[in-house]
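In: coords please:
(2 chains)
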There are 2 protein chains.
Amino acid sequence: MPLKKHTDKSYDMELDELRSKLLTLGGKVEAEIALSMRALAERDSKLAEQVLSADQEVNLLELEVDEGCRRLLALRQPAASDLRFITTALKIVVDLERIGDLAVNIAERAIDLNQSPALRPVHDLTRLAQLCQSQLRKALDAFVDGDAAKAEEVIKDDDLLDALYHNLFSELLALMMEDPRNIRRANSLLFVAKHLERLGDHATNVAEMVIYMVRGTDVRHPHSRENTGQA
Amino acid sequence: MPLKKHTDKSYDMELDELRSKLLTLGGKVEAEIALSMRALAERDSKLAEQVLSADQEVNLLELEVDEGCRRLLALRQPAASDLRFITTALKIVVDLERIGDLAVNIAERAIDLNQSPALRPVHDLTRLAQLCQSQLRKALDAFVDGDAAKAEEVIKDDDLLDALYHNLFSELLALMMEDPRNIRRANSLLFVAKHLERLGDHATNVAEMVIYMVRGTDVRHPHSRENTGQA
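Out: Numbering: from 1, shown residues only, chains lettered A, B, ... in the order given. Here you go, the predicted model:
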């Protein structure tokens, strides 16, 4: 985000460090998703185990970002756009960490699924996952660049993701009805799809917070405000 | 939380107001869960619709708490335990709002399920929901009282909740295998169960943040820290 420069250069450096740590965290989480989906598509449980250990790095980084935010709040007494940037970072980091948890959940399902013969719709799951990754990347870019227009794209494209999810859902339900022996595996795939859909929701949450950060207005619940007549 | 008193009484009042708004928000979210589960158990879609409108109040309150936190950070330059309290509130409010969203999801499933004859396991779902509500209440009490021991109970009892969820999961899967006509409804109930389990996770998240707030140490990822040898 193009924050205003301060006369105090070390303050700028601290803000830069926070921004760069958040991006590193985002990159690691993205890699976790890719790895968990490869574990599923390539039926390779060793890859799934790598996700579990990668998530520990993510958890550590979350704590570091968290501490960095609190330190800046305590020592720098930020105002205006800096305050919005730091409090947004404090919230975004929670979404990123939970995306990491979802990748772990997918990896665990992969380990389980890899023990039985494959069911068909993994291909569509990969497409869904790719869309999720691209949504996450865009949301993080929007955060770092302070780009509200990009954040709005993420929010708009969540509909695509939901449509893909619902197609997959029907397809998996049909497989279950076709043959009861499919039920357990189709159910596991259904949960993978649900994890991915939630992942998309986290990207949308990040995007909404970015818009708040940039514009100072809240798009999270526009209708609630309209309905109650509050500004 | 028994925060230290300040010589500036209006600062104390602002902190009290923040605390009381968060409790109101928690109460509303709890009521949303209860209402959505009644809509399901009593097969009453009108109740489900009340959840949808109640969630708008929750969303509004979220924004108010959020703004309150940022105002305190900007104007009061809080330090030490006040800073931890406010930054924790800023994060907890996200979990509360998402619990509200889960209640909405349950209400939507209820509306859908109420259009077909009932499947059996709703009773167990009600038990799971009651446990979730009690976990949420305890986590919020722990937050307001700054009671780390109570927060630890919440974290411990999440295992009970998971066990209940897994029992239900097997039971619903068995119903699907028994008769393909059960698949669609059992699947909807499975998602309700999954929503409740996530709700429990949010309560655990709140509890973990309370422990951080009270003790200044982080229990969210103890193993990551141990493994990397960081304090």
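In: Now name the helix or strand holding A:A107.
Out: Assigned by DSSP states H and E, A:A107 falls within helix A:80-113.
In: Check which helices and strands the helix or strand where A:L35 lies is in contact with.
Out: Take DSSP H and E as the rule and A:L35 turns out to sit in helix A:9-41. Packing partners of helix A:9-41 (3 or more Cβ pairs under 8 Å, 6 or more residues apart in numbering or on different chains; DSSP states H and E): helix A:45-76, helix A:80-113, helix A:122-145. Where you see a C-beta, it was placed from the backbone N, CA and C, and this is true even at glycine.
In: Buried deepest among these, which one?
Out: helix A:80-113 (a mean of 22; mean count of other Cβ atoms under 10 Å in any protein chain shown).
In: What ranges in chain A fall below the confidence cut-off?
Out: A:1-4, A:121, A:217-231 (pLDDT under 70).
In: mind redoing it with 90?
Out: Where chain A drops to pLDDT under 90, the residues are A:1-9, A:76-77, A:79-81, A:118-124, A:126, A:144, A:177, A:212-231.
In: how about the helix holding A:A107 against chain B, any contact?
Out: Yes - against chain B, helix A:80-113 shows contacts by Cβ under 8 Å from any Cβ of the partner chain at A:A80, A:L83, A:R84, A:T87, A:L90, A:K91, A:V94.
In: Tell me what angle that helix forms with helix A:9-41.
Out: Taking axes from the mean of the first three to the mean of the last three Cα atoms, to 10 degrees, one finds helix A:80-113 and helix A:9-41 inclined to each other by 20 degrees.
In: How far away from the center of its chain is helix A:80-113?
Out: Averaged C-alpha coordinates place helix A:80-113 at 5 Å from its chain's average position (Cα atoms, centre = their mean, to the nearest Å).
In: swap in stretch A:70-83?
Out: 25 Å.
In: What of stretch A:67-74?
Out: Chain-centre distance of stretch A:67-74: 23 Å, with Cα atoms, centre = their mean.
In: same deal with stretch A:106-123?
Out: Per Cα atoms, centre = their mean, the centroid offset for stretch A:106-123 relative to its chain is 22 Å.
In: List of residues touching that stretch?
Out: With Cβ atoms under 8 Å, 6 or more residues apart in numbering or on different chains as the test, stretch A:106-123 has contacts from A:33, A:35-37, A:39-41, A:43-45, A:47-49, A:51-52, A:168, A:171-172, A:175, A:182, A:184-186, A:188-189, A:191-192, A:195-196.
In: what's A:E42 sitting at in phi/psi?
Out: Dihedral angles of A:E42 (phi, psi; degrees, to the nearest 10) stand at phi -90, psi 0.
In: Check the burial of it by counting its neighbours.
Out: Per other Cβ atoms under 10 Å in any protein chain shown, the neighbour tally for A:E42 reads 13.
In: again with A:R120
Out: Neighbours around A:R120, by other Cβ under 10 Å: 12.
In: Could you pull up the residues touching the residue lying closest to A:A80 once chain neighbours are set aside?
Out: What sits nearest to A:A80 in space, not counting adjacent residues and going by Cβ to Cβ, 6 or more residues apart in numbering or on different chains, is B:A74, at 8.0 Å. Taking Cβ under 8 Å, 6+ apart, we find B:A74 in contact with A:A79, A:A80, A:L83.
In: Adding distance to B:A148 as columns, could you present those residues in JSON lines?
Out: JSON lines is the format used below for those (distance: Cβ to Cβ, whole Å):
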{"residue": "A:A79", "distance to B:A148": "32"}
{"residue": "A:A80", "distance to B:A148": "35"}
{"residue": "A:L83", "distance to B:A148": "29"}
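In: Helix, strand, or coil at A:R43?
Out: At A:R43, secondary structure determined by DSSP: H, G, I helix; E, B strand; the rest coil is coil.
In: which SSE is A:E208 in?
Out: Per DSSP H and E: helix A:183-215 holds A:E208.
In: Tell me the buried residues in that helix?
Out: Neighbour counts over helix A:183-215 (16 or more other Cβ atoms under 10 Å in any protein chain shown) mark A:183-214 as buried.
In: Would you mind confirming that A:A31 makes contact with A:A54?
Out: Yes - counting by Cβ atoms under 8 Å, A:A31 touches A:A54, with 6.8 Å between them.
In: burial count for A:S10?
Out: Using other Cβ under 10 Å, A:S10 is surrounded by 9 other residues.
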